[in-house]
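1. Need a 3D model of the sequence below.
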Amino acid sequence: TKDLLSRYQNAIGGISKLEQESERQSQRIKIESAFNNRLVLLRQDILNADQQQRDDIDSIQQLQTLNEQLNAMLLSGEDTDVASKETGPFKILRKSAGQHH
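-> Residues are numbered from 1 along each chain as shown. I've put the predicted structure just below:
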């Protein structure tokens, strides 16, 4: 009878340990899942930031190209009759653009 009681108590102790281990594993899985979800979001943030940087660089290059085209138009316009009819700010801009070239 003592042997059966001892086995029973050992079995209950074993079950209790298994329940605790199961709870720990469940917690670990929840933590790993939250970590992995956050990692995915961080990766997406990095990809978005990288794309934004590329878009910004493209925009800057487009602005530079447009600025060069505008300066070229203004410089070529200095020799035409239109240039003499233009108002002050354009003449100032043309002069400053001309000084740089």
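
2. and the most centrally placed residue in the chain, how far is that from residue 43?
-> With distances taken as Cα atoms, centre = their mean, residue 49 lies nearest the centre of the chain, 2.0 Å away. Look at residue 49 and residue 43: by Cβ to Cβ, to the nearest Å, they are 11 Å apart. In this view, the C-beta of every residue, glycine as well, is placed from N, C-alpha and C.

3. OK, contacts around residue 37?
-> Contact analysis of residue 37 by Cβ atoms under 8 Å, 6 or more residues apart in numbering lists nothing.

4. distance of it from residue 61?
-> Residue 37 is 37 Å from residue 61, by Cβ to Cβ.

5. where in the chain is pLDDT low?
-> 78-101 (pLDDT under 70).

6. In it, mark out all the helices, start to finish.
-> 2-77, 81-85, 88-100 (DSSP state H).

7. now the first one, how far from the chain's geometric center?
-> The gap between where helix 2-77 is centred and where its chain is centred comes out at 12 Å by Cα atoms, centre = their mean, to the nearest Å.

8. I'd like to check which residues are in contact with residue 72.
-> Contacts of residue 72 by Cβ under 8 Å, 6+ apart: none found.

9. what's the spacing between it and residue 59?
-> 20 Å.

10. Same question for residue 44.
-> From residue 44 to residue 59 the distance is 22 Å (Cβ to Cβ).

11. And for residue 71, the neighbour number?
-> A count of nearby residues for residue 71, using other Cβ atoms under 10 Å, gives 17.
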